Structure formats: C-alpha cells, structure tokens
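Colleague: missing the sequence, but the structure's below:
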Ligand code: ARG
C-alpha cells in the first residue's frame, strides 16, 4: 500500500517534469529567462531620457544595458520607475537590474549589489545666469536648493548647515523651480547639468565649475543573485575589451574615455 502510493507520486512527478520539458509552461519559462528586466528613471539626459515623439528610451545607460543584455543572450525590457522607487522595485523582484546613473555608495551597498563602475561622475550646481553670490558649494549657506529626491545630491545638501532643501521628483522639476525663483541653486550630477546647459540650450541659467565629489555609477542588482552580478560584470568587461563601450561613450559624450 505504502509502496504503491510512493510509486504513484513518483510517476506523477515524472509526468509533470516531462510536461514542463516539452509543454507550454516550459516555453514560457524560457521566454522569461531571455528577458532582462531593467528599471531606470527616464529623466536624466544624456543617460536615460525620451524625446517627444520617440518610442524607445535613449541615452548612454540605455545603449549600455541593451548591449550588456545582448552579451548575456537576453533582451533588455526597460521600465520607467521613479528614482526613489528603484531599489524597492529590485527588492520586490519586479526588476532584475537598475541602470539609472546610480552612484555606488555604502548606504546602497547594504541593500543591493553593484557591478563594476561604468562611469565617473560628480556633483555640480546650476544657478541663474545673474546669480552673483553662489560661486562654490561653500556659498550655499543661507540659500534655497532643489535636488532630486533619493539622490546623492539630496543626501549631500541635507548634510550642509543652513541650507533650505526642496526635494523634487525629477531634475527637470528642479530646473523649473530655479527659473521660477523658488530656489537659488540646483545640485545634480555634473554630466546631466552640462547636457542640460549645452544641449538643450537652457536660457537664463548657467552651471558652475565647482565639483563636489567624485562618484561612480554602477548597475545594481539583488543581493540574492551573485551569479547575475558575475554575468553582468563579464558582459561589461567584454564590451570594454571589444570597443563597444567606447563607441557608446563616444556617441553620447563625443570624446574617448
Ligand atoms: N547619481 C545620483 C544618485 O545616484 C543621481 C542619479 C539620478 N538618476 C536618475 N535617472 N534620475 O543618487
């Protein structure tokens, strides 16, 4: 009796295994494995943005993660998620990786794993063209400053004494607030400030040369998946070795690395 039951369970298991092997659910699993679910905050030109009338997200990060996914035999499926929602989305397993101009730091390393760094960045300020009192970070005291919520800029400015900080959802919201004279400065990542000033021909504002900290961007992923980290790092290395990384860098920054 006992044996018979066991035998039944055994054949049952074999049957369902066989079904997974050739049936629909197996194909679906394979399909899912081919997709790399990416989270990004599409508000950060030239890293991740969307021009009006453009279907695909574009930018340095977007090209890089598509190339990384391709190296891994996968296809990047990119979701636009608010910057302060990215790490929670990763923890909830709604996405596999984050690429979003995200700075590698100790606070985040407690929650996620990072790939090897893929971009050197830093923080600068944008002020109105007629601003005369703010020339460096030391001058921020007594002023109002806008930053994107959840960013290293927000952390940094909040640590300064005597600064009134406004945290907004996107860098574009920060620049609008600056032009509307709601704040006196925006602190944000240098390449994004430069792109905003130079490429979008922003009027009435200028970026300052004082750069506060050296930061490095990394691709973030769950701590539960060390294999994924190895795969991503191997893909990044391959792209650096075969010149693809340089091509993407050239395309967005116009200079060699
Ligand atoms: N590098 C900064 C940070 O990690 C800002 C990143 C913002 N990224 C974005 N796509 N808006 O906190």
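Modeller: Ah, there it is. Since the model is a prediction, treat every value here as computed from it, not as a measurement.

Colleague: Spell out which parts of the chain neighbour the ligand.
Modeller: 41, 43-44, 48, 83, 100-103, 148, 151-152, 189, 215 (CB under 6 Å from any ligand atom). No exception for glycine: its C-beta is placed from N, CA and C like everyone else's.

Colleague: So which of those residues sit within helices?
Modeller: Using DSSP state H, the subset of the residues of the chain next to the ligand located in helices is residue 152.

Colleague: mind giving me a markdown table with the residues of the chain next to the ligand and columns for pLDDT and neighbour count?
Modeller: Listed next are the residues of the chain next to the ligand as a markdown table, based on pLDDT from 0 to 100; neighbours: other CB atoms under 10 Å:
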| residue | pLDDT | neighbour count |
| --- | --- | --- |
| 41 | 98 | 26 |
| 43 | 97 | 21 |
| 44 | 98 | 26 |
| 48 | 98 | 23 |
| 83 | 97 | 23 |
| 100 | 98 | 24 |
| 101 | 98 | 25 |
| 102 | 98 | 28 |
| 103 | 98 | 24 |
| 148 | 98 | 27 |
| 151 | 98 | 23 |
| 152 | 97 | 25 |
| 189 | 98 | 24 |
| 215 | 95 | 22 |
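
Colleague: Quick check: the gap between residue 58 and the ligand.
Modeller: With the distance defined as CB to the nearest ligand atom, to the nearest Å, residue 58 ends up 13 Å from the ligand.

Colleague: and that residue, how far is that from residue 118?
Modeller: 17 Å (CB to CB, to the nearest Å).

Colleague: Which of those two has more residues huddled nearby?
Modeller: residue 118 (24 against 18; other CB atoms under 10 Å).

Colleague: which ones are touching the more buried one?
Modeller: Residues counted as contacts of residue 118 (CB atoms under 8 Å, 6 or more residues apart in numbering) are 64, 216-219, 236, 245.

Colleague: surely residue 121 meets residue 103?
Modeller: Yes. Counting by CB atoms under 8 Å, residue 121 touches residue 103, with 6.9 Å between them.

Colleague: Pass me the low-pLDDT residue ranges in the stretch 1-150 of the chain, would you?
Modeller: In the predicted model, the stretch 1-150 of the chain carries pLDDT under 70 at residues 1-33.

Colleague: Check whether the residue nearest to residue 66 when sequence neighbours are not counted sits in a helix, strand or coil.
Modeller: Leaving aside its chain neighbours, residue 66 sits nearest to residue 76 (4.8 Å; criterion: CB to CB, 6 or more residues apart in numbering). Under DSSP: H, G, I helix; E, B strand; the rest coil, the three-state class of residue 76 is strand.

Colleague: could you say what helices and strands the host helix or strand of residue 173 packs with?
Modeller: In this assignment (DSSP states H and E), residue 173 forms part of helix 171-179. When contacts are defined as 3 or more CB pairs under 8 Å, 6 or more residues apart in numbering; DSSP states H and E, helix 171-179 packs onto strand 119-128, strand 144-148, strand 164-168, strand 185-189, helix 190-198, strand 205-207.

Colleague: Can you give me the buried ones in the longest one?
Modeller: Of the residues in strand 119-128, those buried under the neighbour-count criterion (16 or more other CB atoms under 10 Å) are 119, 121, 123-128.

Colleague: what comes into contact with that strand?
Modeller: Under CB under 8 Å, 6+ apart, the answer for strand 119-128 is 60, 101, 103, 134, 137, 140, 152-153, 156, 175, 178-179, 181, 184-191, 193-194, 196-197, 204-217.

Colleague: mind running it again at 6 Å?
Modeller: 134, 153, 185-187, 189-190, 193, 205, 207-208, 211-217 (CB atoms under 6 Å, 6 or more residues apart in numbering).
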